[in-house]
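1. Build the 3D model from these lines:
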Amino acid sequence: MPRLIALLLLASCAKAVPVEATAQALEPNEVTVQKDPNALHKASDVIEVGPGGAYLPPCVADLTLGMPMASVEPLHAMTPADSLLDFRLQREQAFAAGPVSNVTYYFDGDLPGHPLYELIVEWRVPAERDLWLKATLGAPNAGDQWSVSGLEWPVRAWVFDNRYVVAAGMPGTEWAE
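-> The predicted structure is shown next:
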């Protein structure tokens, strides 16, 4: 059932993404990821991923944390950079239809290329977000958060209100460990 719900959410997304670009729930707390389709991970393990499709909603699954801002710009219609805080550049994208209403992108303001290091995804209905999370990542594996590996730096994901937040602990960013 969670796989059907995830497929319905994929179909209702404003930007179509191939189903192969997303993780698929097989059993509760087991996830197959794009990097190795045969690898199974329990919810208590760190989830190993490749491109963002394994941990980002379909509307932004074509992105990967660490991408330079110039590489993201042709893929997503974002607002101009807001540099209210000197350490980051904030941009936003609104979605007229689908389960996601808005995405806030945080790019580092100091590092070369201004890499994407955080995404805040706002869902219209938190219950739809929760169904997507359960089908995609399973239960949280780090307290009330998800710990994601497979990149050069640690990635954490969590929820609050109607949002799903994904942040990379990239050196030089506010989330550096």
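
2. Mind checking what secondary structure A176 has?
-> Of the three states, A176 takes coil under DSSP: H, G, I helix; E, B strand; the rest coil.

3. Skipping its backbone neighbours, what lies nearest it in space?
-> G169 (5.7 Å; CB to CB, 6 or more residues apart in numbering). The C-beta positions use only the backbone N, C-alpha and C, and glycine is treated the same way.

4. Settle this for me: the one you found is touching L151, isn't it.
-> No - using CB atoms under 8 Å, G169 makes no contact with L151, being 9.5 Å away.

5. give me every residue that touches R163.
-> 120-123 (CB atoms under 8 Å, 6 or more residues apart in numbering).

6. Which of those residues are buried? Put it as a ChimeraX command.
-> Buried members of the contacts of R163, defined by 16 or more other CB atoms under 10 Å, are picked up in ChimeraX with:
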select :120,121,122,123
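
7. Export the contacts of R163 as JSON lines, with columns for distance to L111.
-> Putting these into JSON lines (distance: CB to CB, whole Å) gives the following:
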{"residue": "I120", "distance to L111": "19"}
{"residue": "V121", "distance to L111": "22"}
{"residue": "E122", "distance to L111": "26"}
{"residue": "W123", "distance to L111": "29"}
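
8. which residues of the protein fall in strands?
-> Under the criterion DSSP state E, the chain contains strands at 24-27, 30-32, 40-42, 47-48, 88-94, 100-108, 116-123, 146-149, 155-160, 163-168.

9. Make JSON lines out of those and add distance to A135 and mean pLDDT.
-> Below are the strands of the chain laid out as JSON lines (distance: least, CB to CB, whole Å; pLDDT from 0 to 100):
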{"stretch": "strand 24-27", "distance to A135": "4", "mean pLDDT": "32"}
{"stretch": "strand 30-32", "distance to A135": "9", "mean pLDDT": "31"}
{"stretch": "strand 40-42", "distance to A135": "14", "mean pLDDT": "30"}
{"stretch": "strand 47-48", "distance to A135": "13", "mean pLDDT": "44"}
{"stretch": "strand 88-94", "distance to A135": "23", "mean pLDDT": "95"}
{"stretch": "strand 100-108", "distance to A135": "15", "mean pLDDT": "96"}
{"stretch": "strand 116-123", "distance to A135": "14", "mean pLDDT": "96"}
{"stretch": "strand 146-149", "distance to A135": "13", "mean pLDDT": "84"}
{"stretch": "strand 155-160", "distance to A135": "14", "mean pLDDT": "94"}
{"stretch": "strand 163-168", "distance to A135": "13", "mean pLDDT": "95"}
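
10. G109 reaches F87, doesn't it?
-> Yes - under the criterion of CB under 8 Å, G109 makes contact with F87 at 5.2 Å.

11. related to what we said a few turns ago, which one of the contacts of R163 is nearest V60?
-> V121 (6.9 Å; CB to CB).
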